[in-house]
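Asks: take this sequence and fold it.
(chains A and B)
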Amino acid sequence: MTIEPNETMGATDTVESQAALRPEESEIATDRAVVCEFSNTWYSYGGGEPAVEDVSFKVRKGDFAAILGPNGSGKTTLLRLALGLLKPTRGSVELFGESSARFRDWSRVGYVPQRVEGMGTRFPATVEEIVEQGLYRGFNPLAIFRRHGHKEILEALDVAGISHLRRRPIESLSVGQRQRALIARAIVGQPELLFLDEPVSGVDAVGRDRFHELISSLNREHGMTVFLISHDIGAVMQGATVCACINRTVVFHGPSHHMTGEHLSELYGFPVDVLLHDALHEHR
Amino acid sequence: MTRALIGGSMVAILAPAFGLFIVLRRLSLIADTLSHVALMGVAIGFVTSIYPTFVALIATTSSAAGIEQLRSRGRLPGDAALAIFLYSSLAIAVIVISKSSGFNADLFGYLFGTVLSINDRDLWLIGILLLVVILFVASFYAELTQSAFDQDLAHVSGVRVTATNLALAILTGATVTASMRVVGVLMVGALIVIPVLAALRLARGFRTALLLAIGFGLLSVWVGLVVAFYADLAAGGSIVLTTVAMLALAEVIGKARDYFSARRVASDTGWSASTPSDQPEIDAD
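Replies: Below you'll find the model as predicted:
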């Protein structure tokens, strides 16, 4: 409902130019707290062409926000900015009202990456041990002797639908199962805000639908705010309440049912326009 | 021989325990680079008549910190920073060695290991390093495992990744210096990496991997030392070859385990309909 233009920051140029694409003001709920906010954010790698250009939008508590865009559109850069892994070249990114680069209260945030560095090294951990990592709450000199949160771990595994895999080595899982293990790791600490980076790439169609159901239920039943990055339009149609289309800058933002083929063709260009129209109708 | 066993055992615990994190972070090349930095330290130590192992320790830990800084700031790709440190320290070592004659025999010992003639001072130094590393691994266990799994994920979990990486690099320097006395500069990497690979072949959990790596390390050093002593072989070489034998053994055990668990699955699915909740927990997919 509430990815909305950021008028308070006085971004006159972009806001005006996108006025035509903006949903009616009445659609925008402004009563819920802002959990993640981009304000005129710019980022360029090594001083080159900007990868993110004057992006402004807010995600409010309870939203299921889908960030859509083609490959190379700067989606992942946006995510890294939100997580404080990159610092904006200009503008600001805030998490719970605090600059994301200085944010320390990470127990409120869960993150599901697309890939994990440690995979492929015969990483010696069971699914349970990986999920346990999500309960990290700062330095504890006795951590090596302590196994904690058994109940929370079982619950998270249950929600993610992989209870039966808990003693399996993480490296023996399929791509889809690994993603579920990473979801369990992200939600075990019951975060308020969940970031997901292209969680279904490499998963088959059935797995993808089930996955989107899981994310939707985390949003609806567990009250988690979701910030999902995807190039897959199906993700938006299944459960996302708001969406932002990004192609370096914001092409559309607003309630997901306000998004039209016009926006999508602007986002993806003509060749994929027809296909996306089909996807739009089929999924509804 | 007693000193060799004590020193060797301490290093056999130290190197694989820390090596686990080095291997998982794919930093094995850092160990190799730092061993050449250690050689430079030893050469300088000889020339200046300062305790060579100590000079090597200073050289490796400070270089490790430097490499980590270059890498983390993204000024240079990881490998490039390593190459610069490896070749410049090797060049300095060569120049220092060529300028001063008379310690070739000692130098040979540092290159290939001198565990059978290890002295009390070395034992104390290794003992202190072992204590520091054990305390570090034990108390920062959560941070180390998190950042070994994924740096970004660790950051979002609240781990101070930069500080953890720096500490890991510095202690890698210390580990290299301690191991150098046992297997020599040229084979340091073997003791840090190979027992870990053997452990990773068999372990399913992180704590098991840590204990198995230490176990394989200890077994390698003991068997290697005994063989070297009775067959009158170079101790460093015989220890390293034993680690390789351990790796082969782990591979065989792993293969056998895979085979039997695959058969177990076959018979399970053949005889009874297993529900998802009581599926056999195996890693043969």
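
Asks: where does the stretch 51-200 of chain A dip in pLDDT?
Replies: A:147-148 (pLDDT under 70).

Asks: who touches the helix ranked longest in chain A?
Replies: Using DSSP state H, we find that the single longest helix of chain A is helix A:205-220. With contacts defined as C-beta atoms under 8 Å, 6 or more residues apart in numbering or on different chains, helix A:205-220 is touched by A:62, A:64, A:159-161, A:176, A:179-180, A:183, A:187, A:194, A:196, A:199-200, A:203, A:224-226, A:228, A:232, A:234-235, A:238-239, A:241. From N, CA and C alone the C-beta is placed, and that goes for glycine too.

Asks: just the buried positions in that helix, please.
Replies: A:207, A:208, A:211, A:212, A:214, A:215, A:216, A:218, A:219 (16 or more other C-beta atoms under 10 Å in any protein chain shown).

Asks: what does the pLDDT read for the fourth one?
Replies: Looking back up the chat, that one is residue A:212. With respect to pLDDT, residue A:212 scores 82.

Asks: among the contacts of helix A:205-220, which ones are buried?
Replies: Using 16+ other C-beta under 10 Å, the buried members of these are A:62, A:64, A:159-161, A:176, A:179-180, A:183, A:187, A:194, A:196, A:199-200, A:203, A:224-226, A:228, A:232, A:234-235, A:238-239, A:241.

Asks: same for the strand or helix carrying residue B:5, what does it pack against?
Replies: Using DSSP states H and E, residue B:5 falls within helix B:2-24. On a contact count with 3 or more C-beta pairs under 8 Å, 6 or more residues apart in numbering or on different chains; DSSP states H and E, helix B:2-24 meets helix B:28-48, helix B:120-139, helix B:141-149, helix B:161-183, helix B:188-202, helix B:206-231, helix B:235-271.

Asks: and the second one with chain A, contact?
Replies: What that stands for is helix B:120-139. Yes: applying C-beta under 8 Å from any C-beta of the partner chain, one finds helix B:120-139 touching chain A at B:137, B:138, B:139.

Asks: neighbours of the nearest residue to residue B:117 once chain neighbours are set aside, just the number please.
Replies: In space, and not counting its chain neighbours, residue B:117 is closest to residue B:109: 7.1 Å by C-beta to C-beta, 6 or more residues apart in numbering or on different chains. Residue B:109: 20 surrounding residues under other C-beta atoms under 10 Å in any protein chain shown.

Asks: one more: residue A:150?
Replies: By the criterion of other C-beta under 10 Å, residue A:150 has 10 neighbours.

Asks: which of the residues of helix B:120-139 next to chain A has the most neighbours?
Replies: Busiest of these [other C-beta under 10 Å] is residue B:137, holding 20 neighbours.

Asks: mind listing what that one touches?
Replies: Counting by C-beta under 8 Å, 6+ apart, the residues that residue B:137 touches are A:144, B:17, B:18, B:21, B:144, B:210.

Asks: buried sites along the helix holding residue B:5?
Replies: Buried, per 16+ other C-beta under 10 Å, within helix B:2-24: B:4-5, B:7-24.

Asks: residue B:184 contacts residue B:107, doesn't it?
Replies: No: between residue B:184 and residue B:107 there is no contact under C-beta atoms under 8 Å: 10.5 Å.
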